[in-house]
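> Predicted structure and sequence below. I'll ask about it afterward.
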Amino acid sequence: KQEVTQIPAALSVPEGENLVLNCSFTDSAIYNLQWFRQDPGKGLTSLLLIQSSQREQTSGRLNASLDKSSGRSTLYIAASQPGDSATYLCAVIIRGAQKLVFGQGTRLTINP
Amino acid sequence: DTAVSQTPKYLVTQMGNDKSIKCEQNLGHDTMYWYKQDSKKFLKIMFSYNNKELIINETVPNRFSPKSPDKAHLNLHINSLELGDSAVYFCASSQARGAQAGPQHFGDGTRLSIL
């Protein structure tokens, strides 16, 4: 059974710092991994999608990496801003089952 | 211009009632999903449809019945509501599925509260 874990559960950093969020999954048989952000009272916004054959994806200040063999992904946020405050979730699509399995998220707070 | 829209946004109702949540996407995607986010904010898939055909049905009570009249709509009907059904329900869509799936796009959620 695929399990997705995100550490830490919560993170608070001063504005301007670079930071890394971690995601691990137990079964490497995945199609892809996706990072989302969720703002309070809102739905999820897709940030980056990494196919199983890829090592990383970049979008603006965000960079996501994938190491399928070790079951790990990281989301790197450069030069953090207060507007980056949100809950960040990672999810994998299980090969064969075709469903997204989510981690429980990291609640990020950027302090001005 | 909303890509995935759900109605209603809030739903407060009595235990035992039957209610429906509607979802529409204007992205031209052929796969749609229903997720449940519980009080601990954990998101779990409930159903998935591809071109109106059910492809994922997780271990969900049969009081929950999805219906897809066309590939742009996926509605969720819930019979005999129970206290444990209180949660936020999210609709999502993606182009294709499995290995070919693109990013999933989510609606803003329907907050269901059972009194």
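Perfect, thanks for sending it. Residues are numbered from 1 along each chain as shown, chains lettered A, B, ... in the order given.
> could you say what helices and strands the helix or strand hosting residue B:77 packs with?
In this structure, residue B:77 sits in strand B:73-78 according to DSSP states H and E. Applying 3 or more CB pairs under 8 Å, 6 or more residues apart in numbering or on different chains; DSSP states H and E, one finds that strand B:73-78 contacts strand B:19-25, strand B:31-37, strand B:43-50, strand B:64-70, strand B:87-94. Where you see a C-beta, it was placed from the backbone N, CA and C, and this is true even at glycine.
> nearest to chain A, of those?
With CB to the nearest CB as the measure, strand B:43-50 is the member of the helices and strands packed on strand B:73-78 nearest chain A (4.3 Å).
> and the end-to-end length of stretch A:26-46?
Start-to-end span of stretch A:26-46 (CA to CA, to the nearest Å) is 22 Å.
> So for it, mean pLDDT?
The average pLDDT for stretch A:26-46 rounds to 91.
> Extract the residue ranges of chain B that are flagged as low pLDDT.
Low-confidence segments of chain B, defined by pLDDT under 70: B:1-2, B:99.
> got the residues of it near chain A?
By the rule CB under 8 Å from any CB of the partner chain, the part of chain B lying against chain A is B:4, B:33, B:40-45, B:48, B:55-56, B:58, B:90, B:92, B:97-99, B:101-109.
> Now a PyMOL select for only the buried ones of the residues you listed.
Buried residues within the residues of chain B next to chain A, by 16 or more other CB atoms under 10 Å in any protein chain shown, are selected in PyMOL with:
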select buried, chain B and resi 4+33+43+44+45+48+56+90+92+97+98+101+102+103+104+105+106+107+108+109
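> of all the helices and strands packed on strand B:73-78, which lies closest to residue A:37?
Smallest distance to residue A:37 across the helices and strands packed on strand B:73-78 (CB to CB): 13.0 Å, for strand B:43-50.
> Could you name the helices and strands sitting against the closest one?
The contact analysis (3+ CB pairs under 8 Å, 6+ apart) places strand B:43-50 against strand A:100-102, strand B:31-37, strand B:53-57, strand B:64-70, strand B:73-78.
> Go ahead and produce PDB holding the CA coordinates of the second one.
Think strand B:31-37. Provided in PDB are the C-alpha atoms of strand B:31-37 (Å, rounded to 0.1, in the frame of the first residue of the first chain):
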ATOM      1  CA  THR B  31     -11.200  12.600 -16.500                       C
ATOM      2  CA  MET B  32     -12.900  13.900 -13.400                       C
ATOM      3  CA  TYR B  33     -12.500  13.000  -9.700                       C
ATOM      4  CA  TRP B  34     -14.200  13.400  -6.300                       C
ATOM      5  CA  TYR B  35     -12.000  13.700  -3.200                       C
ATOM      6  CA  LYS B  36     -12.900  14.000   0.500                       C
ATOM      7  CA  GLN B  37     -10.800  16.100   2.900                       C
END
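> Off-centre distance for it?
4 Å (CA atoms, centre = their mean, to the nearest Å).
> Give me the angle between it and strand B:19-25.
Interaxial angle, strand B:31-37 versus strand B:19-25 (axes from the mean of the first three to the mean of the last three CA atoms, to 10 degrees): 130 degrees.
> in its sheet, what does strand B:31-37 sit against?
Sheet pairing for strand B:31-37, assigned by DSSP bridges, gives strand B:43-50 (antiparallel), strand B:87-94 (antiparallel).
> Export those strands to JSON lines and append columns for distance to residue A:62.
Output for those, formatted as JSON lines (distance: least, CB to CB, whole Å):
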{"stretch": "strand B:43-50", "distance to residue A:62": "20"}
{"stretch": "strand B:87-94", "distance to residue A:62": "20"}
